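K.L.:
Pasting a predicted model and its sequence here:
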Amino acid sequence: MDAAKYIWMNGEFVAWEDAKVHVLSHTLHYGNGVIEGTKAYKTEKGYAIFRLDEHTRRLKESAKMTLIDIPYSIEEMNQAQIDLVRMNKFTLDTVYLRPFAFLGYGVMGVYHKEAPVETVMAAWQWGAYLGEDALKHGIRLKIASMTRPANTSNMGKAKASANYLNSQMAKYEAIDCGYDEALLLDDQGYVAEASGACFFMVKNGELITPPNDNSLASITQKMVIEMAKDFGIKVTRRRITREEVYVADEAFLTGTAAEITPIALVDAREIGCGSRGEMTEKIQSTYFDIVFGRNAKYEHYLTYID
Ligand code: PMP
């Protein structure tokens, strides 16, 4: 990874190499931590963080769900991220921010109430999550052999570190089988989400994406729905079966890191033209215009770093 200069840790900026934890930190053993993934883009007016407040709010809500009491307000954490991007003096087009909270050192055993909460904001320069080529030509998805955990046994709405064991196993399997990314079904067999992104498909001019019944309430998914409606595209949120995915006209993934990544193939079936489809391209180019500050209509989603 591309190291930066500073990390914000519990209210203070520390040198990147000094942001350390004890090996007996609670989260390292039992996995209760919460993360965010936020992105800043270099616009003509300098760096801007995309939908900052919503990401920070989701961190706070994820923490509430998993019983972690973050001792900072949303405003304080927003400010920390603004300062962090400014202080690190980045130069590349895209910067990834990773705000997170975890349980530190001092208590062992599963019961975590007395474990100290550590709050951290890190940021570093990071390009296209699935590669530049993927944004143009699309990726190959494998439907994972594991499903997303059922709502009766986990909290998929929390962006909780523990949820990423499932993502990690699915992603590893997909890559090991020669694919690029995993698509996970829910325990009823309907499309849930990819290992770190949401799923959209196009059929007969209609854009279809699952409800967040068994997936993270994705901020990029929400953005795409808003944009598509503005274009006059019919958007439907409903459950999607595996067979429908195979015969979609187009499909793509959305996420802060994945941005708008076309899907070229799923389980040996080419999707549409087997590359980036027309509607996908339109949504992708509009998305990049928005995040890079080239679309005045959506500029209110940008927090500029002065
Ligand atoms: N699902 C999962 C499991 C994710 O990790 C992500 C990335 N945060 C998403 C969906 C997309 O969410 P967002 O658009 O808010 O980044």
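P.N.:
Looks like it arrived, so ask away.
K.L.:
Relative to Ile233, how far out is the residue lying closest to Met201 once chain neighbours are set aside?
P.N.:
Distance criterion CB to CB, 6 or more residues apart in numbering; nearest residue to Met201, sequence neighbours excluded, is Ala248 at 3.9 Å. (Glycine included, C-beta is placed from N, CA and C.) Distance, Ala248 to Ile233, by CB to CB, to the nearest Å: 15 Å.
K.L.:
What does the residue nearest to Met201 show for phi and psi?
P.N.:
Main-chain dihedrals, Ala248, degrees, to the nearest 10: phi -70, psi 150.
K.L.:
got the contact list for it?
P.N.:
Taking CB atoms under 8 Å, 6 or more residues apart in numbering, we find Ala248 in contact with 201-203, 271-272.
K.L.:
From Val14, how far off is it?
P.N.:
In terms of CB to CB, Ala248 sits 47 Å off from Val14.
K.L.:
Which neighbouring elements make contact with the helix or strand of the chain with the lowest mean pLDDT?
P.N.:
Lowest mean confidence among the helices and strands of the chain (mean pLDDT, DSSP states H and E): helix 132-137, at a mean of 92. For helix 132-137, the packing partners by 3 or more CB pairs under 8 Å, 6 or more residues apart in numbering; DSSP states H and E come out as strand 259-266.
K.L.:
now the following helix or strand past the strand it packs on: mean pLDDT?
P.N.:
Per DSSP states H and E, the first helix or strand lying C-terminal to strand 259-266 is strand 269-270. Strand 269-270 shows a mean pLDDT of 98.
K.L.:
which outside residues touch strand 269-270?
P.N.:
Taking CB under 8 Å, 6+ apart as the rule, strand 269-270 contacts 246-247, 264.
K.L.:
can you put the residues you listed in a markdown table and add neighbour count?
P.N.:
Listed next are the contacts of strand 269-270 as a markdown table, based on neighbours: other CB atoms under 10 Å:
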| residue | neighbour count |
| --- | --- |
| Tyr246 | 16 |
| Val247 | 11 |
| Ala264 | 21 |
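K.L.:
Looking at those, which is nearest the ligand?
P.N.:
The shortest gap between the ligand and any of the contacts of strand 269-270 belongs to Ala264, at 19.9 Å (CB to the nearest ligand atom).
K.L.:
count of residues packed around the residue nearest to that closest one when sequence neighbours are not counted?
P.N.:
In this structure, Ala264 finds its nearest non-sequential neighbour in Gly138, 3.2 Å apart by CB to CB, 6+ apart. Using other CB atoms under 10 Å, Gly138 has 28 other residues around it.
K.L.:
looking at it, Gly138 is touching Thr261, isn't it?
P.N.:
Yes: Gly138 is within contact range of Thr261, at 7.2 Å (criterion: CB atoms under 8 Å).
K.L.:
Give the buried subset of the contacts of Ala248 as a ChimeraX selection command.
P.N.:
Selecting only the buried entries of the contacts of Ala248 in ChimeraX, with 16 or more other CB atoms under 10 Å as the criterion:
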select :201,202,203,271,272
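K.L.:
hmm, which two among the contacts of Ala248 are most spread apart?
P.N.:
Lys203 and Ile271 (10.9 Å; CB to CB).
K.L.:
Give the residues shared as contacts by those two.
P.N.:
Residues touching both Lys203 and Ile271 by CB under 8 Å, 6+ apart: 248-249.
K.L.:
per-residue confidence averaged over stretch 33-43?
P.N.:
For stretch 33-43, mean pLDDT is 98.
K.L.:
which one of the contacts of Ala248 is nearest Lys282?
P.N.:
Out of those, the member with the shortest distance to Lys282 (by CB to CB) is Val202, at 10.6 Å.
K.L.:
can you give me phi and psi for the closest one?
P.N.:
Torsion angles at Val202 (phi, psi; degrees, to the nearest 10) stand at phi -120, psi 130.
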